[in-house]
Each structure stands twice: as C-alpha cells, then as structure tokens.
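**Student:** Here is my input, please return the structure:
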Amino acid sequence: MLLNTHISEYHDLIVDGKQFDNVRGIKGFYLPVPKLNSIIFVTDEKDYSITFHVYNLGTRQDIPIRSPSSLFGRTIGLPPPKESVDVDAHGNIVLITDTGATDYPTKEIVVLDLSRKAVVKKGLLYFDGAGNSMGEHDYQPPQ
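**Tutor:** Modelled structure (predicted):
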C-alpha cells in the first residue's frame, strides 16, 4: 500500500496510485477502520455533498458512499481526536464526531452499511454538562 498526501489550496490523497481530491482533514486525512483492514476518509464534492471512502488495504477496493452532509472528517489529524471509527456487531462502520459544543455537548453518529453502500443511520447524541447522556435524535438519511 502506498499513501501519499499533498498539501495545497485543497488536499488530495493518493492511495495505491489512485488520487482522491478535496479530502477533508489535516495531515493524514484518514483513519483506520478496526477489524476490516481498511481506512476511511471523506471527500467534499462539487455539488456540496460528500463521499465517505472505505478503502480496503488488502483487496485495494474503494467503496464510495455518498451522503448529503456530515461533520465527519473535518478534524482528522488535529489533536485532541474529535472523530472515532468502530465496527458494530453487524459489520457496519460507525462514525462518531464530537461537535465541540461545551454547554450541551453533542456527537454526530453516522452508520455505513458496506454491503448496501449506503448511510443507514444518522443522528445526534445529546449530553449534559457533566457528560451524562440526555438522549438521541435519529433522522432517516435519504435513500
């Protein structure tokens, strides 16, 4: 696997010789996906939508998943980490982004189904000032 990044007015990421333009994040631009021998990164599209890219390092296959929007990917590479990636019991990729709110912290959650190549869940988790969960608001992503 070859990873190469270039920094200019926009960021591009080269993975195994394939170039991806308008990649979100700073320095690194991707996060590992546990248990799947993959990385994930996000590109901003010209129509203001985004694409989640799940790139399998073993098969060298890119699985692009379009979405109208998400916060995920904007702060990849910045400390402290505000984004995390996990895989649930069904093999779905779970992306969590800390929105940075301080009075009433929220986290965006996005669930990607690789077999359907789709966002299957989006929502916000709400917390009080002490970090206790106050609930969740799910909204149905467009199909």
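**Student:** Now do the strands in this protein.
**Tutor:** For the chain, the strands defined by DSSP state E cover 3-7, 11-15, 18-21, 31-33, 38-44, 50-56, 61-67, 83-87, 93-98, 106-113, 118-127, 133-139.
**Student:** Which among the ones you listed is found nearest to G73?
**Tutor:** Closest approach to G73 among the strands of the chain is made by strand 38-44 (3.2 Å; C-beta to C-beta). Every residue, glycine included, has its C-beta placed from N, CA and C.
**Student:** Next one: the residue nearest to the spatial centre of the chain relative to Y48, how far apart?
**Tutor:** Nearest to the geometric centre of the chain sits F72, at 4.4 Å (C-alpha atoms, centre = their mean). Distance, F72 to Y48, using C-beta to C-beta, to the nearest Å: 15 Å.
**Student:** K82 now?
**Tutor:** K82 is 22 Å from Y48, by C-beta to C-beta.
**Student:** who has more neighbours, those two?
**Tutor:** Set K82 next to Y48 and count neighbours by other C-beta atoms under 10 Å: K82 wins out with 17 against 8.
**Student:** who are the neighbours in contact with the more buried one?
**Tutor:** Residues counted as contacts of K82 (C-beta atoms under 8 Å, 6 or more residues apart in numbering) are T75, T97, D98, G100.
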